[in-house]
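Student: I need the structure of the sequence given here:
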Amino acid sequence: MKTWIGLIIPDETLRNTVQTLLKVTNDLQVVGIYSDAQEAVADLKKKGDVRIILGLRGDRQSIRDLKMIELSGPYPVLGIGGLMDATPLLFDAFRLGMIDFISFSPEDIGSPTDLLLKRITESIRMLSLVNVDRITRVRVRPFGETEKTPYQEQAGYYIVLGVPQGGINGAIRLLSQLPRRRDTAIVASVPLPQSCLGPFIADLSSYSQWSVKAAALDEQVYGGTCYLFSSSEPYSVEGSLAGECRIVPCHENASPIDSLMEGLAGSFAGAVLGVLMEGIGSDGITGLSSIRSRGGTTMTIKSSGGILTEAPVGASERKVGDFLVDINDLPKTLTSFMGEMQDITNINRLLGSQ
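Tutor: Numbering: from 1, shown residues only. Sure, this is the predicted structure:
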């Protein structure tokens, strides 16, 4: 069965490149080509089950277009565009329900590579798996700077968030609702290029109680802070004999999510809570297994409990998730666990000694 695609790409050169890429596979059918969202939403209502590829430009019109699309649908949306133009828009785009983003360099537009073809094919496969009924806009409220004074205290507990491709909307929702604790550090692997993290964090920081930082090599990890690790940077974490935690180079051939989870599990065992967000692929399953085998606690999204549950369902089938939750219940559930981490750690220690 073919996946129906609607193209909303104002730039003609980029639009032609995407059309060329889509013609390579027989599994896709372009059912509409539009220069703006207003034209698209009027026609797409007649098309049925359609996936959208939206060109992101370096202005707020792209965000207005996306909002119009999602209010009309919602639709699973793949954003594309030049990284320099799109980077300042990515936080709001994911918050409005965009599922994924692919950057197109000028070289890619002039001569698309096999790697780019593979990436766009995989992203469209992801769009075809989306539970459209679960696409929502993340509602956020700003926090005052006085609520986010940096702590310089060693963390006693660690939450590691594995955010696979397709999970950023859920991660924004979680980090905008999770109350901050000075005894807990969050480390999160996110599917964004390193160059996107600065603007993304600048936007996210306004809506999170946590002090949010990009991971930096050799930096010490403190409580009350959320560290974002780009999936394109080979960074992990390790603990010292004194109980400190710092950011180190990642082991070769390990996925960023698995590397973070394994690093924390090896150093802090039962004081680690591993969370695999919604998304696709198998990254994070090995990491959850490592946390669980060393006495930590693991949590993931239940089947049909999110927009994309391919990765969490894989974790469930491997029986590496202690708790399966709905994505909408995750902030509340995780908040409850954070308040009981001392008891959970002691229980994990007792279970591990049996």
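Student: below-threshold pLDDT in the stretch 101-250 of the chain: ranges please.
Tutor: Along the stretch 101-250 of the chain, segments meeting pLDDT under 70 span 145-148.
Student: that one: helices as residue ranges?
Tutor: Secondary structure of the stretch 101-250 of the chain, counting by DSSP state H, counting those that start in this stretch: helices at 106-110, 114-129, 168-177, 194-205.
Student: so of those, which one's packed in deepest?
Tutor: Mean neighbours per residue, mean count of other Cβ atoms under 10 Å, is largest over the helices of the stretch 101-250 of the chain for helix 168-177, with a mean of 24. All C-beta atoms are positioned from the backbone trio N, CA, C, and that covers glycine.
Student: next, the angle helix 194-205 makes with that one.
Tutor: Angle between the axes of helix 168-177 and helix 194-205 is 40 degrees (criterion: axes from the mean of the first three to the mean of the last three Cα atoms, to 10 degrees).
Student: and helix 168-177, what does it pack onto?
Tutor: With contacts defined as 3 or more Cβ pairs under 8 Å, 6 or more residues apart in numbering; DSSP states H and E, helix 168-177 has these neighbours: helix 90-95, strand 184-190, helix 194-205, helix 330-339.
Student: output those as CSV; include the columns distance to residue 143.
Tutor: Conversion of these to CSV gives the following (distance: least, Cβ to Cβ, whole Å):
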stretch, distance to residue 143
helix 90-95, 15
strand 184-190, 15
helix 194-205, 9
helix 330-339, 15
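Student: which one of these lies closest to residue 105?
Tutor: Shortest distance between residue 105 and the helices and strands packed on helix 168-177, using Cβ to Cβ, is found for helix 194-205: 11.9 Å.
Student: isn't residue 217 up against residue 236?
Tutor: No - Residue 217 lies out of contact with residue 236 (Cβ atoms under 8 Å); the separation is 10.3 Å.
Student: more neighbours, these two?
Tutor: residue 236 (22 against 11; other Cβ atoms under 10 Å).
Student: for that one, give its distance to residue 252.
Tutor: In this view, residue 236 and residue 252 are 11 Å apart by Cβ to Cβ, to the nearest Å.
Student: cool, and residue 85?
Tutor: For residue 85, the distance to residue 252 - Cβ to Cβ - is 33 Å.
Student: pretty sure residue 196 is touching residue 90, no?
Tutor: Yes - using Cβ under 8 Å, residue 196 is in contact with residue 90, at 5.9 Å.
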